[in-house]
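Student: Starting from these lines, generate the structure:
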Amino acid sequence: MGIRSKNRVMNNFSMSGMSDIVFLLLIFFMLTSTLIAPNALKMLLPSRGQTPVNVENKVPTIIIHSNLRITVDGVNIQFENLENILDIKLAGQAEPAIKIVTSPQVTVGDAVKVMNVAAEKNYTVVLKQL
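Tutor: Sure, this is the predicted structure:
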């Protein structure tokens, strides 16, 4: 006497449900990625093949050494005075820009402190490492 099950095992698999899920995930990620506002600084990074251009306006060069020791155009200054000195040097310029040069020993936090001063004043920043 053969006992047979009433339930049959199906050997096929329907992919239509999977394609719906993938499509909905694609729409979800496309919508959420457009809602993210970038919180970044305007920076111009020099490339290797770029030739220097003579600019009529004087661009102040800020060199950041280790332990947040800062020089602006070769003069040592305190970090607290940086904003005032930049205001004086960039007064009257239509598109103020600064050049930040960091030594390899400078931490990212120290460089970001200086870049935040530029971001508050809406200066264009050119970043370079020694």
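Student: Residue 71 belongs to a strand, doesn't it?
Tutor: Yes - judged by DSSP: H, G, I helix; E, B strand; the rest coil, residue 71 forms part of a strand.
Student: how many other residues sit next to it?
Tutor: 14 (other CB atoms under 10 Å). Placement of C-beta: from N, CA and C, glycine included.
Student: so which helix or strand takes in the residue nearest to it when sequence neighbours are not counted?
Tutor: In space, and not counting its chain neighbours, residue 71 is closest to residue 63: 4.7 Å by CB to CB, 6 or more residues apart in numbering. Residue 63 belongs to strand 61-65 when assigned by DSSP states H and E.
Student: related to what we said a few turns ago, tell me who's in contact with the residue nearest to residue 71.
Tutor: 70, 71, 72, 101, 102, 103 (CB atoms under 8 Å, 6 or more residues apart in numbering).
Student: the helices in this protein, which residues?
Tutor: 16-35, 82-89, 108-120 (DSSP state H).
Student: Tell me which of those sits nearest to residue 59.
Tutor: With CB to CB as the measure, helix 82-89 is the member of those nearest residue 59 (9.1 Å).
Student: if we can go back for a sec, if we go by neighbour counts, what in the strand holding residue 63 is buried?
Tutor: Within strand 61-65, the residues that count as buried by 16 or more other CB atoms under 10 Å are 62, 63, 64, 65.
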